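>>> Turn this into a structure:
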Amino acid sequence: MGSARRDKGELELQVLAVLATAREPMTARQVQHSLGADLAYTTVMTTLGRLFGKGALTRAAAGRAFAYTVVGDQRTVDAARTARRMRQLLEAGSDRTVALQHFVSELSPEDEQVLTDLLARLDDERER
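As a prediction, this is how the structure comes out:
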């Protein structure tokens, strides 16, 4: 297999993108074929299993296999891709605190409120 190593999460995002644009649930073999890369079937199966475990996919029996469907839509996949890029940029910087400070200071009041609400919800979930 001569393919280059992917960044963490890249294959998951590619699988989500394939499933988000599918007209019907897809099996691992169909996903493997749609990706068009020289991916091992077991790699695709493992990725689908992880995404299912994370709640990003649903699955239903399709003969001796499972057919997977993305939870959400293309907008959800796009949001996940954006969040991944944001995390990568944050991890690549030399000072996370300063980077976050600049990011927050440039938010619109509406986005600042969304972020505040999300952080409060996260705190509530952690306390449970």
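
>>> Show me what the helix or strand of the chain at the bottom of the mean pLDDT ranking is packed against.
Evaluated with mean pLDDT, DSSP states H and E, the helix-and-strand set of the chain has its lowest mean pLDDT in helix 74-92, which scores a mean of 84. Packing partners of helix 74-92 (3 or more CB pairs under 8 Å, 6 or more residues apart in numbering; DSSP states H and E): helix 10-21, helix 96-105. The C-beta positions use only the backbone N, C-alpha and C, and glycine is treated the same way.

>>> Touching the longest one from outside, list them.
To tie it back to what came earlier, the one meant is helix 10-21. Helix 10-21 has contacts (CB atoms under 8 Å, 6 or more residues apart in numbering) with 26, 31, 34-35, 39, 43-44, 47-48, 50-51, 56-57, 68-70, 72-74, 76-77, 80-81, 84.

>>> tell me the most buried of the helices and strands packed on helix 74-92?
Taking mean count of other CB atoms under 10 Å as the contact definition, the stretch among those with the greatest mean neighbour count is helix 10-21, which reaches a mean of 19.
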